[in-house]
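Asks: Everything below, folded, please.
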Amino acid sequence: MTIAQYQALIGRRGGAQAVQPAAAEVPREKPARKKAPVHPGPPSFPEPPAVGPLLAGLSGVGYVETLLMPYSEDLLTSNQRLHHMAYHRLRRQLRTDAARLAMAKRLPRLQRAAIFYVLHARPITRKRDPGNWAPTAKAYVDGLVSDGGLLPDDNHEHLLGPNPVMGSPVTTGFARLSLVIVELTEPVNSQSAESVAT
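Replies: Next up, the predicted model:
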């Protein structure tokens, strides 16, 4: 029985309910297929960041070390919405990478330091905000301090930063981070923090 026949039957019976004609079905379009993501290629080694401008605002500078962090296709950003277990797994891996690098480089134990994280992003036309990579930098700093033994603690008395800086872009591969560790021979205070912020 078709819809028209059903409506005629209801009409002959003097049906109490008027049946609305069914709307013609609109054929559903298939969603457009997403293109497979293009892998950006093998990891590249960006130029080391210029440390002169970073040191200009600091007083009592001692030991300075620049670390190019291990290559990872996955980095934490402030804009991600990861499941908490995936976030924890990635954060733990980043901490472990930083601790292993600190032990391999035999970094000295410092009392006070300023840390800058330099973002080497992929070359694209839109502007980048290096502050979005703060969760990755925090995981690296936790690995250096807690597991690698770089500083006694990462509180305000021992650590200034980590502060974001844009670096030279990578030529191939995903974004990378460098950490610039600067020993401070003078206590960390609000005056040191103001000089870094400007």
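Asks: which ones are touching residue 76?
Replies: 82, 87, 90-91, 94, 133, 135-136, 139 (Cβ atoms under 8 Å, 6 or more residues apart in numbering). Just so you know, the C-beta spots here come from the backbone N, C-alpha and C atoms, and that holds for glycine as well.
Asks: if I look at residue 48, how far off is residue 150?
Replies: Applying Cβ to Cβ, to the nearest Å, the value for residue 48 to residue 150 is 19 Å.
Asks: which one of these two has more residues nearby?
Replies: Set side by side, residue 48 and residue 150 show more neighbours around residue 150, with 25 against 15, by other Cβ atoms under 10 Å.
Asks: My guess is residue 162 contacts residue 117. True?
Replies: Yes: look at residue 162 against residue 117 with Cβ atoms under 8 Å: they come within range, at 4.8 Å.
Asks: Neighbour count: these two, which is higher?
Replies: residue 117 (26 against 23).
Asks: can you pull the pLDDT of the more buried one?
Replies: Looking at residue 117, its pLDDT stands at 94.
Asks: Renumber starting at 370 from here on
Replies: With the count now opening at 370, the last piece we talked about shows up as residue 486.
Asks: so what sits against both of residue 531 and residue 486?
Replies: In contact with both residue 531 and residue 486: 506, 509, 548, using Cβ under 8 Å, 6+ apart.
Asks: Please list all residues in contact with the spatially closest residue to the first one that is not a sequence neighbour.
Replies: Okay, so that is residue 506. Nearest non-adjacent residue to residue 506, counting by Cβ to Cβ, 6 or more residues apart in numbering: residue 486, 3.9 Å away. Contact analysis of residue 486 by Cβ under 8 Å, 6+ apart lists 499, 502, 505-506, 509, 530-534, 546-549.
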